[in-house]
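got a structure for you, letters missing:
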DNA sequence: CTGTTAGCGCTTTCAT
DNA sequence: ATGAAAGCGCTAACAG
């Protein structure tokens, strides 16, 4: 039923070693053998057994990817990028959604460890240092995604979130806003606190008094934005900010829905709104949403490449790749 | 550096066989041994090597999942459901996005075959029968997701799309619409043609003349909806339908954006709009979107369970699980 | 209940 | 350039 390498060898009239060589170093085999073996492989429909290959050669053909929360379409993009690069290397991606749950994140890391994956990509939730060190001790390299590795102990591929926050705030100031609220959370998420920090820097550098308050949310999903929007609407008009920076587009879209329902508030007239990530839905929002774009696909590609290189050369030092943010202006912040 | 089973055996003062038994059938081992071995495992941080396990026992701890197009958040839900169920069995998911590309879909199926996955879940693009038969011949079971297996050759877990289409049309008729356009494509996608078929049935059963035209799109993404929306707007007012059924929410949201930009058309007043899937963004759209909900998470869970059962008992017959659609009424179709 | 051991399918020396 | 054979880490069959 299932074809093994020795069936191929038999049909081709060579030894299993030769078949293996055809598969792995065809240049060290006579063209004639390559030809015969290839034909036999086709004829029998042979597919090599990665478990055996991995066991013997000690090299896996999978890479694990754990994301914070797959409900954010931004991570789809990152995963897509990783898949693109992986496919080019014949590598498959083991995928886990931590769903902002520490135990689940650990579960996947454990699972991936026993799969002996080639490497791990992780858009982390909370403090994962201990888990990553354990992985490293067992010989598995990790690359952090969407988060800068401050201590430089691991490689990372991320956006310059501080610069992104600054960009957002500068844009609001330029378009005449003076009372800004940053909506997001939890602040243990590095991306969130960095984006806020960037906004703060820009507010301080503005050369004029800028109000910057924080409206915290529990998570980073649509419903968190909705809920925060209602809190803001509940205030008397004059105590409301005139612009909102949301920690991501999901929150921003939730905010927009809460604010604009029944025409209660005009965006951008009464309230400007800016998000993060530039997911496809940002442009399709009720009022097209200004956003700080992250190159998700490229982040994914780069992360995968980085982890492979790290495995290739284990003496290589951890390296931080940081991409610049890009401001995409749409109607939600129009002057 | 890396701990093997014999290191554990040595530390615990037992044989490797006993350690293996503790791992796989603890009830056949004396409690004392279980205790000693467990302690040794903890102490050494032993993690079992799945490649070796798989090679020897012939049983894999991964399941492959290939989706049509990961840009549709609906599939996130399905994948999440599959992950939930998989995690409960200590199984990890190999994930591939076919991105509506036949070659890519095949690439992932090949990759999964050489990984010798326990089974494959597939939200298919186009005709995959040949590939699935090849997988089956190599001993890998496949379950189709989000598509009914008409020939009953494979198991499937899906929504009753025909009923969904009917539900959508009936709702429009009830709320007074008479000139409906179905917007979607490509029609080779079974989900699309089924949804249209359902709408057609409802139109014919209405007991009054109902116009049903088709506005074809190339794909199922936001931009396809946008583009179709512009085509519709380009027509003279009286040649426009008074309601649209979109083949999925992405198209619906694209349509909404195109139609409502600059207040060109009022939804639902001048044009009712209904989508499919009920993704989180449907409720958050400019005008909250009426949609036919699919229980994505449950579909994923069921699909995973089905494929595991099929592996467990290879003599079991293919089985079709069909979930009923649910109409979720929001403002976009308000009377 | 425990220990010994064959062997899963492959890659990789080492001879030839 | 090719073949023979060892052995990766584990499970399961068997003997005790």
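Everything's here; your move. The structure displayed is predicted, hence computed values, not measured ones.

which ones are touching the residue of the stretch 201-335 of chain A found nearest chain B?
Relative to chain B, the nearest point of the stretch 201-335 of chain A is residue A:286 (3.3 Å; C-beta to the nearest C-beta). The way it works is simple: take the backbone N, C-alpha and C, and place the C-beta from them, glycine included. Contacts for residue A:286 (C-beta atoms under 8 Å, 6 or more residues apart in numbering or on different chains) come out as A:256, A:257, A:260, A:267, B:285, B:286, B:287.

now a PyMOL select for only the buried ones of those.
Filtering these down to the buried ones (16 or more other C-beta atoms under 10 Å in any protein chain shown) takes a single PyMOL command:
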select buried, (chain A and resi 256+257+260+267) or (chain B and resi 285+286+287)
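
closest to DNA strand C among the contacts of residue A:286?
Checking the contacts of residue A:286 against DNA strand C with C-beta to the nearest atom of the strand, the nearest one is residue B:285 at 51.0 Å.

the closest one: what's it in contact with?
Per C-beta under 8 Å, 6+ apart, neighbours of residue B:285: A:286, B:252, B:253, B:256, B:332.

any idea which helix or strand carries the fourth one?
Yep, that's residue B:256 we're talking about. Assigned by DSSP states H and E, residue B:256 belongs to helix B:249-260.

what does residue A:310 give?
Going by DSSP H and E, residue A:310 is part of helix A:296-312.

cool, and residue A:172?
Per DSSP H and E: helix A:161-174 holds residue A:172.

coming back round to it: between the contacts of residue B:285, which is nearest residue A:96?
residue B:253 (28.3 Å; C-beta to C-beta).

residues near the closest one, how many?
Close neighbours of residue B:253, defined as other C-beta atoms under 10 Å in any protein chain shown, add up to 28.

hang on, isn't it packed against residue A:284?
Yes. Residue B:253 is in contact with residue A:284 according to C-beta atoms under 8 Å; the separation is 5.2 Å.

which residues are common contacts for the two?
Counting by C-beta under 8 Å, 6+ apart, the residues touching both residue B:253 and residue A:284 are residue B:222.

tilt between the helix or strand just after the helix holding residue B:256 and helix B:296-312?
Where DSSP H and E defines the elements, the next helix or strand beyond helix B:249-260 is strand B:272-277. Here strand B:272-277 runs at 30 degrees with respect to helix B:296-312, directions being taken by axes from the mean of the first three to the mean of the last three C-alpha atoms, to 10 degrees.

and strand B:272-277, what does it pack against?
Judged by 3 or more C-beta pairs under 8 Å, 6 or more residues apart in numbering or on different chains; DSSP states H and E, strand B:272-277 is in contact with helix B:161-174, strand B:243-246, helix B:249-260, strand B:290-293.

and the third one, what does it pack against?
Meaning helix B:249-260. strand B:179-184, helix B:222-233, strand B:243-246, strand B:272-277, helix B:280-283.

likewise for the first one?
Counting by 3+ C-beta pairs under 8 Å, 6+ apart, the packing neighbours recorded for helix B:161-174 are helix B:190-204, strand B:243-246, strand B:272-277, strand B:290-293, strand B:326-328.

so for it, what gets flagged as buried?
Using 16+ other C-beta under 10 Å as the test for burial, helix B:161-174 gives B:161-173.

which stretches of the stretch 1-150 of chain A have low pLDDT?
Applying pLDDT under 70 to the stretch 1-150 of chain A flags no residue at all.

dump the residue contacts of whichever residue of it sits closest to DNA strand C.
Nearest to DNA strand C, among the residues of the stretch 1-150 of chain A, is residue A:5, at 2.9 Å (C-beta to the nearest atom of the strand). Neighbouring residues of residue A:5 by C-beta under 8 Å, 6+ apart: A:16, A:19, A:20, A:46, A:48.

count of neighbours near the last one?
So the one you mean is residue A:48. For residue A:48, using other C-beta under 10 Å, the count is 20.

okay, and it sits in which element?
Going by DSSP H and E, residue A:48 is not in any helix or strand.

got the contact list for the residue nearest to it when sequence neighbours are not counted?
Nearest non-adjacent residue to residue A:48, counting by C-beta to C-beta, 6 or more residues apart in numbering or on different chains: residue B:114, 5.5 Å away. The contact partners of residue B:114, by C-beta under 8 Å, 6+ apart, come to A:47, A:48, A:49, A:50, A:61.

now swap in residue A:67 and tell me
Taking C-beta under 8 Å, 6+ apart, one finds A:75, A:78, A:79, A:95, A:96, A:97, A:98, A:123, A:145 in contact with residue A:67.

show me which residues of the strand or helix carrying the third one are buried.
Following DSSP H and E, the helix or strand that holds residue A:79 is helix A:73-88. By neighbour count with 16+ other C-beta under 10 Å, helix A:73-88 contains the buried residues A:73-87.

what's the angle between the next helix-or-strand element following it and helix A:73-88?
Per DSSP H and E, helix A:73-88 leads on to strand A:92-97 as the next helix or strand towards the C-terminus. Inter-element angle recorded for strand A:92-97 and helix A:73-88: 160 degrees (by the same axes, to 10 degrees).

strand A:92-97 pairs with which strands, and in what direction?
Here strand A:92-97 has these sheet partners by DSSP bridges: strand A:62-67 (parallel), strand B:92-97 (antiparallel).

want to throw the ones you listed into JSON lines with distance to residue A:107?
Converted to JSON lines, these look like this (distance: least, C-beta to C-beta, whole Å):
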{"stretch": "strand A:62-67", "distance to residue A:107": "9"}
{"stretch": "strand B:92-97", "distance to residue A:107": "10"}
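
determine which of the ones you listed approaches residue A:316 most closely.
Closest to residue A:316 of the strands paired with strand A:92-97 is strand A:62-67 (C-beta to C-beta; 16.9 Å).
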